[in-house]
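[1] turn this into a structure:
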Amino acid sequence: MTIFISGGAKNGKSTLAQELAVQLAKGSSLYYVATMIPADEEDRDRIRRHIADRDGMGFETLECGRDILSCLENADREGTFLLDSATALLLNELFPDPTSCGMDDAAPRRCAEGLCEFARRVKNAVIVSDYIYSDAALYDEVTETYRRGLAYVDRCLAKVCDTVAEVSCGNVILHKGVLPE
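    Okay, the predicted model is just below:
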């Protein structure tokens with residue numbers, strides 16, 4: 001089963017994703033695919049919080065900030081994978097060299113293709129993304145490119161995943177499929 005979860009920041013996406021992944025695993029291999037490449041202390045604090053939140057849940061962490069399919073090389077594809085997040089993965093792919101201002105314009109398509117193939121290759125996946133593209137504000141060209149790219153990635157994932165859910169203020173809104181019980 002593949003589940004795509006989107007929603008705003010600090011709305012409960014990661015907590016729901018962890019609970020669903022544990023349910024899907026039913027004692028089989030359970031992986032947390034960490035995509036964030038920390039850039040500062042705030043990122044490192046967030047990573048520490050996420051690690052603490054899943055302590056004792058049985059996750060094996062696979063760090064994979066780019067080329068998402070590479071995380072499958074040493075993992076049991078019959079297991080359950082929680083990928084958090086498509087948002088960070090796209091950021092890493094879009095800006096492969098953090099010391100330059102250059103963007104890789106092919107990143108959204110490559111990221112979407114990789115994530116969709118990832119979802120097809122594994123038995124169970126829960127994929128988390130951030131809903132950052134729905135407000136009416138206009139941003140600079142770089143930010144707009146990122147937002148449009150993430151919207152594209154999310155649409156592609158919504159098409160291939162069995163279940164699509166949005167988390168808003170802790171409430172789960174089901175757009176497609178069913179959640180495991």
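
[2] can you check which helix is longest in this protein?
    Ranked by residue count and defined by DSSP state H, the top helix of the chain is helix 141-160.

[3] next SSE downstream of that helix?
    Downstream of helix 141-160, the next assigned helix or strand under DSSP states H and E is strand 163-168.

[4] what's the average pLDDT for that next one?
    The average pLDDT for strand 163-168 rounds to 97.

[5] tell me what angle it forms with helix 141-160.
    Angle, strand 163-168 to helix 141-160, by axes from the mean of the first three to the mean of the last three C-alpha atoms, to 10 degrees: 130 degrees.

[6] what's the longest helix of the chain packed up against?
    Contacts defined by 3 or more C-beta pairs under 8 Å, 6 or more residues apart in numbering; DSSP states H and E place helix 141-160 against strand 2-7, helix 86-94, helix 107-121, strand 124-130. The way it works is simple: take the backbone N, C-alpha and C, and place the C-beta from them, glycine included.

[7] list of residues touching the last one?
    Counting by C-beta atoms under 8 Å, 6 or more residues apart in numbering, strand 124-130 makes contact with 1-9, 13-14, 17, 20-21, 24-25, 79-87, 115, 118-119, 150, 153-154, 157, 161, all of which sit outside it.

[8] now, of those, which are buried?
    When these are checked for burial by 16 or more other C-beta atoms under 10 Å, the buried set is 1-7, 13-14, 17, 20-21, 24-25, 79-87, 115, 118-119, 150, 153-154, 157, 161.

[9] return the helix or strand in the protein with minimum mean pLDDT.
    Here the helix or strand of the chain ranked lowest by mean pLDDT, DSSP states H and E is helix 41-53, holding a mean of 91.

[10] what residue lies at the spatial centre of the chain?
    residue 85 (2.4 Å; C-alpha atoms, centre = their mean).

[11] any idea how far the nearest residue to it once chain neighbours are set aside lies from residue 1?
    Nearest residue to residue 85, sequence neighbours excluded (C-beta to C-beta, 6 or more residues apart in numbering): residue 128, at 4.6 Å. Distance from residue 128 to residue 1, counting by C-beta to C-beta, to the nearest Å: 15 Å.
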